[in-house]
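J.: Sequence isn't available, so here's the structure alone:
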């Protein structure tokens, strides 16, 4: 979940909303890669989730990272709720999931170095206090009642609202983790092509990274339960967004969509003010019940854009949001997958050619099938395994064409970061398949063994 945004001053005319998005356009040489990933922390002796306070806790983790590795604290209500350093930040999801939001970097080599440094720092602090961290798309055993609640005003408001608009909102907040990548665009037309490809192929990412086959201590019938959760969260702010594929789509159409998404809050002077279900359109006219007579700022608009949760979304960049959190190796594979598809024009065109004739029903069906069956999904004659093979090949060609070297020039490009996905394509197995095989085999149904076998 996002931290409060800094977008700018008062909105004096409606055109500023689209101009805010358009301001994200950058020349290709300035495109960057921002990777985010979340992970569950737990006490090694009890296997219970970390509380916020105590000797073994989220607070102890944040303070340890602050004191040992020079991160600057982020406070809310006098409590540490995040960290900042060198363009990156560490933040908390509602149930204490620890998230790294990486700095905008030039290559996957740099991104993977950043991930590796972060996880080693986390390991260093965690081991001293008897804590472990694990990368999964959903908490495998813990019930909702077991999950701690982080001291963030945004999350309290969201928790209170979720049961009014869906059945799985609190499950998403407290018991899921993701890995995502944030990518740039050069123009409105470039944004449109990238967003369409992102939405259409998000089910491929869901299938390849599926890693949440358990909930409440047993198999849940899905390879990606995290993906299943998002389908019953809040129809006003989630989904595959068929309007993005309409002729004439652009920044203005996104503004219209975002204005129709009910608000959560307004952030003022360190406090989240309840605006649940209220209208940003009313806010523009000074008629918001939460702040009567006040008009919004661009920072309010930026905050509002962070409360929209489709499979891919735009702010001043595009976020790819369809993948489960997972093992160390795949945290680098996810940005490589999308960078290869979108940062080389030939690859982007090839990806668009692959999906341009699909209708909304096909895209939705692929999303559902990917969450249930992973690489074994099939929709209308489209076999996910075959589709994923084509898509990864396009991504690999895109990374090769970028030719971004690493290791001081010893590694010629970024293609090796796709090796984890190529292994899945060869075997037909994604992380969820391996987890289920262990559960039904060596673990003999004892899911507590997942922590020892799959923690970082």
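T.: Received it, and whenever you're ready, just let me know what you need. What you are looking at is a predicted structure, and each value in this text was computed from that prediction instead of being measured.

J.: contacting residues around residue 34?
T.: By CB atoms under 8 Å, 6 or more residues apart in numbering, the residues touching residue 34 are 101-105, 181-183, 317. Using the backbone N, CA and C atoms, a C-beta is placed for each residue, glycine as well.

J.: what's the spacing between the host helix or strand of it and its chain's center?
T.: Assigned by DSSP states H and E, residue 34 belongs to strand 33-43. Between the centre of strand 33-43 and the centre of its chain there are 10 Å (CA atoms, centre = their mean, to the nearest Å).

J.: list the helices and strands the next helix or strand after it packs on?
T.: Following strand 33-43 in sequence order, the next helix or strand is helix 58-69 (DSSP H and E). The contact analysis (3 or more CB pairs under 8 Å, 6 or more residues apart in numbering; DSSP states H and E) places helix 58-69 against strand 72-76, strand 79-85, strand 88-92, helix 108-128.

J.: Which one of these lies nearest to residue 271?
T.: Distance to residue 271, taken as CB to CB, is lowest for strand 72-76 among those, at 9.2 Å.

J.: what is the mean pLDDT for that closest one?
T.: The average pLDDT within strand 72-76 is 97.

J.: and if you look at stretch 197-204?
T.: 98.

J.: about what we covered before: could the contacts of residue 34 go into CSV alongside secondary structure, pLDDT and distance to residue 373?
T.: Formatted as CSV, the contacts of residue 34 follow (DSSP: H, G, I helix; E, B strand; the rest coil; pLDDT from 0 to 100; distance: CB to CB, whole Å):
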residue, secondary structure, pLDDT, distance to residue 373
101, strand, 98, 31
102, coil, 98, 31
103, coil, 98, 36
104, coil, 98, 35
105, strand, 98, 34
181, strand, 98, 24
182, strand, 98, 28
183, strand, 98, 28
317, coil, 98, 31
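
J.: Go through those residues and name the one nearest residue 14.
T.: residue 317 (22.2 Å).

J.: For residue 90, see how far away that closest one is.
T.: From residue 317 over to residue 90 the distance is 20 Å, taken as CB to CB, to the nearest Å.

J.: List the contacts of the helix or strand hosting residue 227.
T.: Element membership for residue 227 (DSSP H and E) is helix 225-230. Outside helix 225-230, the residues within contact range by CB under 8 Å, 6+ apart are 137-138, 168, 171-172, 176-178, 206, 210, 212-215, 220, 222, 238, 309, 311, 322, 324-325, 367, 370-372.

J.: Among these, which are located in helices?
T.: By the criterion of DSSP state H, membership of the contacts of helix 225-230 in helices covers 171-172, 206, 367, 370-372.

J.: Write the ChimeraX selection for whichever of those residues are buried.
T.: A single ChimeraX command suffices to select whichever of the ones in helices among the contacts of helix 225-230 are buried according to 16 or more other CB atoms under 10 Å:
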select :171,172,206,367,370,371,372
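
J.: Going by distance to residue 340, which of the ones in helices among the contacts of helix 225-230 wins?
T.: Using CB to CB, these come closest to residue 340 at residue 206, 17.4 Å.

J.: Quick one: residues contacting the residue located most distally from the centre of the chain.
T.: Largest separation from the mean C-alpha position in the chain: residue 293, at 35.3 Å (CA atoms, centre = their mean). Residue 293 sits next to residue 286 when contact means CB under 8 Å, 6+ apart.

J.: let's go with 10 Å and repeat that
T.: Applying CB atoms under 10 Å, 6 or more residues apart in numbering to residue 293 gives the contacts 286-287.

J.: How about the one 3 residues further on?
T.: With contacts defined as CB under 10 Å, 6+ apart, the neighbours of residue 296 are 7, 10-11, 17, 263, 266, 280, 283-284, 286, 288, 303-304.

J.: Next one, pLDDT for it please.
T.: With respect to pLDDT, residue 296 scores 97.

J.: Residue 227 now?
T.: At residue 227, pLDDT is 98.

J.: Relative to residue 85, how far out is it?
T.: 32 Å.

J.: out of those two, which sits in the busier spot?
T.: residue 227 (30 against 14; other CB atoms under 10 Å).

J.: Which other helices and strands does the strand or helix carrying residue 364 contact?
T.: Taking DSSP H and E as the definition, residue 364 sits inside helix 360-373. Contacts defined by 3 or more CB pairs under 10 Å, 6 or more residues apart in numbering; DSSP states H and E place helix 360-373 against helix 188-208, helix 225-230, strand 318-324, helix 345-355, strand 378-379, strand 382-383, helix 384-402.
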